[in-house]
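Trainee: Provided below for reference: sequence and predicted model.
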Amino acid sequence: GKAVLMTLPAVMADVAAVLKEKAPDLDDAEVELLSSDLALTEYLFIEEEEERAKFGPWLKDTVTNIDIKAMLKNRQGYKDVLGERNTITVAEAKRAAGISPTA
């Protein structure tokens, strides 16, 4: 709900710090793109607060530099899925990330 939305700026800053630490070769625009994307797609849509609390440790302890580069490549590839449109459906985003659209 609204309380989760209020945490997004802090979450995005935390994600950006982890990305810079794990992938120091990313430029600022890539860090901003990926931190926004992860906060909005991975953190925001976790319904249970207990599960949402696992997001930070997952990012810090599990995600590698290689994972980060793959996520960035997938995120940058969304424009190939979109074509001329300015929006993307959830199913399209999942397909672009290699996830079943029904998952």
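Mentor: On my side now, so go ahead.
Trainee: Tell me how far the nearest residue to residue 16 once chain neighbours are set aside lies from residue 65.
Mentor: With Cβ to Cβ, 6 or more residues apart in numbering as the criterion, residue 16 has its nearest non-adjacent residue at 4.1 Å, and that residue is residue 35. (Each C-beta comes from the backbone N, C-alpha and C, glycine too.) Distance, residue 35 to residue 65, by Cβ to Cβ, to the nearest Å: 15 Å.
Trainee: These two - which one has more neighbours?
Mentor: Ranked by neighbour count (other Cβ atoms under 10 Å), residue 35 and residue 65 place residue 35 first, with 22 against 14.
Trainee: So, low pLDDT: which residues of this protein?
Mentor: Residues of the chain meeting the criterion pLDDT under 70: 1, 78-103.
Trainee: what about residue 16, neighbour count?
Mentor: For residue 16, using other Cβ under 10 Å, the count is 19.
Trainee: I'd guessed it sits against residue 31; true?
Mentor: Yes - the pair residue 16 / residue 31 is scored as a contact, 5.2 Å apart, by Cβ atoms under 8 Å.
Trainee: Just want the most central residue of this structure.
Mentor: Nearest to the mean C-alpha position of the chain, by Cα atoms, centre = their mean, lies residue 38 at 1.6 Å.
Trainee: what's the longest helix in this structure?
Mentor: helix 2-22 (DSSP state H).
Trainee: Just list the residues touching residue 43, thanks.
Mentor: Contacts of residue 43 were listed using Cβ atoms under 8 Å, 6 or more residues apart in numbering, and they are 8, 11, 15, 52, 55.
Trainee: What of residue 19?
Mentor: Here residue 19 is in contact with 26, 31, 34, 35, 68 (Cβ under 8 Å, 6+ apart).
Trainee: and the fourth one, what does it touch?
Mentor: Read that as residue 35. 12, 13, 15, 16, 19.
Trainee: where along the chain do the helices fall?
Mentor: Under DSSP H, the chain gives helices at 2-22, 28-38, 49-52, 55-61, 65-76, 78-82, 90-96.
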